[in-house]
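Participant: Sequence and computational prediction follow.
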Amino acid sequence: MARQKGVLKYVGTLGDVRHFKIKGQEGYFAGMVGGPTGDQVKTAPEFERTRENMNEFGASAKAGKSVRTGLSQLMKQMSDSQVTGRLTSIMKKINLEDQTEARGYRKIEITSQRNYLKGFEFDKNISFNGIFNAPFSLTQGVDRETADLVIPTFNPANLVNAPSGATHFRLINALTVVSDFEYNVTTNSYEPMDAVLNEVNDIQYSGFLDLYGIVPNTTISATLPGGAIPSVNTSVLQCIGIEFYQQVGGNYYLFASGNCLKVEDAF
């Protein structure tokens, strides 16, 4: 793929060369017009491997979307522009681990490959551990329906890297369920193995905590709603995050920078 470096900036086709932008990347790109038709890709024997790859890539995108949907309340202020692609890439790695199904129909068995998601930062440019350095611990219920984020008393002046102008912060404990995915021969598509529990979530916040005062012992508890109990085909992601505010009078205004979220555990 060619990258256009001159001052001429346009998209579209000029002769046999197509010019375009790529989301999240600077500059303009160029490629030759042509290639196989859609019908060829869907039916021709020589594109069988392409169809297999497309099928599993679409499934990986679905699984990644389930994570983002379960945390949609946080995605706008906590994620970078490439989070969709990065989650899809992780799900594709999980997909490749399946040795039970044929190519093009391999499962996305997150329950057996949870380590791929542990430590995932929703904004690759901001590390939670680089922002929040106070000690904390996690606890989870035996049925995986509840989990706590426990933070002992600490001084944020020494342990929180806040953006300039912030006066307060909130800590976040979020649970979201993501199902394994398998190919359904009836619908000819990948579907969650537990569609009822997939994307079920609970997101809980601490109170507004003063950046210039001692923070007392804090426990943030999250519980899946409706008495939901995760099934054998589901994983629960426990995500922890922090967001910053400026207090003006009696109001708290959310900062656009410094906020971050990570998958601290998957169980």
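Facilitator: That came in fine, so what should we check first?
Participant: contacts, neighbours, all on C-alpha from now
Facilitator: OK.
Participant: looking at this, Asn53 is in a strand?
Facilitator: No: Asn53 is assigned helix when assessed by DSSP: H, G, I helix; E, B strand; the rest coil, not a strand.
Participant: Which secondary structure state is assigned to Phe57?
Facilitator: Per three-state DSSP, the local secondary structure of Phe57 is helix.
Participant: ok, it touching Lys92?
Facilitator: Yes: here Phe57 reaches Lys92: they are 6.6 Å apart, a contact under C-alpha atoms under 8 Å.
Participant: Between those two, tell me which one has more neighbours.
Facilitator: Lys92 (21 against 18; other C-alpha atoms under 10 Å).
Participant: my read: Val67 touches Asp180, true?
Facilitator: No: Val67 is beyond contact range of Asp180, at 11.5 Å (criterion: C-alpha under 8 Å).
Participant: Could you list the low-pLDDT ranges of this structure?
Facilitator: Regions of the chain meeting the criterion pLDDT under 70 cover residues 1-51.
Participant: residue ranges of the helices in it, please?
Facilitator: Ranges of helices within the chain are 38-43, 48-70, 72-78, 83-96, 128-131, 156-159, based on DSSP state H.
Participant: so what secondary structure elements neighbour the fourth one?
Facilitator: The elements that helix 83-96 packs onto, with contact taken as 3 or more C-alpha pairs under 8 Å, 6 or more residues apart in numbering; DSSP states H and E, are helix 48-70.
Participant: what's the angle from the helix it packs on to helix 83-96?
Facilitator: 120 degrees (axes from the mean of the first three to the mean of the last three C-alpha atoms, to 10 degrees).
Participant: In PDB, could you pull the C-alpha coordinates for helix 48-70?
Facilitator: C-alpha atoms of helix 48-70 as PDB (Å, rounded to 0.1, in the frame of the first residue of the first chain):
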ATOM      1  CA  GLU A  48     -12.300 -20.800   0.000                       C
ATOM      2  CA  ARG A  49      -9.500 -19.700   2.400                       C
ATOM      3  CA  THR A  50     -10.600 -16.100   2.100                       C
ATOM      4  CA  ARG A  51     -14.100 -17.100   3.000                       C
ATOM      5  CA  GLU A  52     -12.900 -19.000   6.000                       C
ATOM      6  CA  ASN A  53     -10.800 -16.000   7.200                       C
ATOM      7  CA  MET A  54     -13.700 -13.600   6.700                       C
ATOM      8  CA  ASN A  55     -16.100 -15.800   8.600                       C
ATOM      9  CA  GLU A  56     -13.800 -16.000  11.600                       C
ATOM     10  CA  PHE A  57     -12.800 -12.400  11.500                       C
ATOM     11  CA  GLY A  58     -16.500 -11.400  11.600                       C
ATOM     12  CA  ALA A  59     -17.000 -13.600  14.600                       C
ATOM     13  CA  SER A  60     -14.000 -12.000  16.300                       C
ATOM     14  CA  ALA A  61     -15.500  -8.600  15.700                       C
ATOM     15  CA  LYS A  62     -18.800  -9.700  17.200                       C
ATOM     16  CA  ALA A  63     -17.100 -11.000  20.300                       C
ATOM     17  CA  GLY A  64     -15.200  -7.800  20.700                       C
ATOM     18  CA  LYS A  65     -18.300  -5.700  20.200                       C
ATOM     19  CA  SER A  66     -19.900  -7.600  23.100                       C
ATOM     20  CA  VAL A  67     -17.200  -6.400  25.400                       C
ATOM     21  CA  ARG A  68     -17.700  -2.800  24.300                       C
ATOM     22  CA  THR A  69     -21.400  -3.000  24.500                       C
ATOM     23  CA  GLY A  70     -21.300  -4.300  28.000                       C
END
